[in-house]
Structure formats: C-alpha cells, structure tokens
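Undergrad: Below are the sequence and a predicted model; questions follow.
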Amino acid sequence: QVQLLESGGGLVQAGGSLRLSCAASGRTFSGYAMGWFRQAPGKERELVASISWSGSISYYADSVKGRFTISRDNTKNTAALEIDSLKAEDTAVYYCAAGNSVFGRSSDYAYWGQGTQVTVSS
C-alpha cells in the first residue's frame, strides 16, 4: 500500500503560481509512475501531468504544456507540480496518484491522495 497526501492548494489570482506537493508513505513509491490529475465540477477527472519512476519520462496534457512542471524525489518519497500562469479554467481538485503507466488513464493508477483544491480567481 502507498498512502499519498497532497498539499499546497489554495485560492490564487489568475496569472499567479502554485506548487502542489505529494508526500508518499508506506510501501516505497520509487517503482511507480506518478501522476497529477484534476477534476473540475461537472467534468471528468483528467491527467494533466505524469512522470516515470526514474524521472526520465514525463507527460503533459496539451492544456497545461509550458505552464505545469512535474517533478519527483525518490529519496524523499515526494512528488510536486509547479503551476505557473494560472488560468480560471485550472480551477479544480488536484489529485496525485501512483500507478503503472506514465501515459495511463485513471484506471492505471492504483493509489490516490485525497485531493487539494485549487481555485483561480479572474
């Protein structure tokens, strides 16, 4: 079992920045891809960024390319998502997840955090 805990969400003005963090405990997460998903009200959960267990491969959804940066530190069992140039449409609950595929869907991720709310005011 891997337990994940997100932090760093909040209310930010459009154009601002946030850093979301994900702390893992329990079984080591170095063998898992890490993903950041988000879900806005009335919308499906979507993968916005993911990174392979080694950190050598990353994926970004087109809507966030150039603004989001995913990273991980396997020595500290942490992952992070830097978000720049925030837009109102980035408002959502953000979840970190551990799974088997960098390019996977929600069903490929077995472990999930509880989520952290990001609200962008325009």
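TA: Structure's in. What do you need? Note that the coordinates shown come from a computational prediction; the quantities given were computed from them, not determined experimentally.

Undergrad: who touches the most centrally placed residue in the chain in this structure?
TA: The C-alpha lying nearest the average C-alpha coordinate of the chain belongs to residue 36 (Cα atoms, centre = their mean; 2.2 Å). By Cβ atoms under 8 Å, 6 or more residues apart in numbering, the contact list for residue 36 reads 20, 22, 47-50, 68, 70, 79, 81, 94-97. In short, each C-beta sits where N, CA and C put it, glycine included.

Undergrad: Tell me the bridge partners for it.
TA: residue 49, residue 96 (DSSP bridges).

Undergrad: Checking my notes, residue 93 in a strand, right?
TA: Yes. Assigned with DSSP: H, G, I helix; E, B strand; the rest coil, residue 93 falls within a strand.

Undergrad: who touches it in this structure?
TA: 38-40, 115-118.

Undergrad: follow-up on the earlier one: and the residue nearest to the centre of the chain, how far is that from residue 122?
TA: 22 Å (Cβ to Cβ, to the nearest Å).

Undergrad: What of residue 14?
TA: Taking Cβ to Cβ, one finds residue 14 at 5 Å from residue 122.

Undergrad: Name the nearest residue to residue 106, sequence neighbours excluded.
TA: residue 45 (5.6 Å; Cβ to Cβ, 6 or more residues apart in numbering).

Undergrad: Do I have it right that that neighbour meets residue 38?
TA: Yes. Under the criterion of Cβ atoms under 8 Å, residue 45 makes contact with residue 38 at 7.1 Å.

Undergrad: Between those two, which has more neighbouring residues?
TA: residue 38 (24 against 17; other Cβ atoms under 10 Å).

Undergrad: How about the contacts made by the closest residue to the more buried one other than its chain neighbours?
TA: Of all residues not flanking residue 38 in the chain, residue 92 sits nearest, at 3.8 Å (Cβ to Cβ, 6+ apart). The neighbours of residue 92, taking Cβ under 8 Å, 6+ apart as the test, are 38-40, 43, 117-118.
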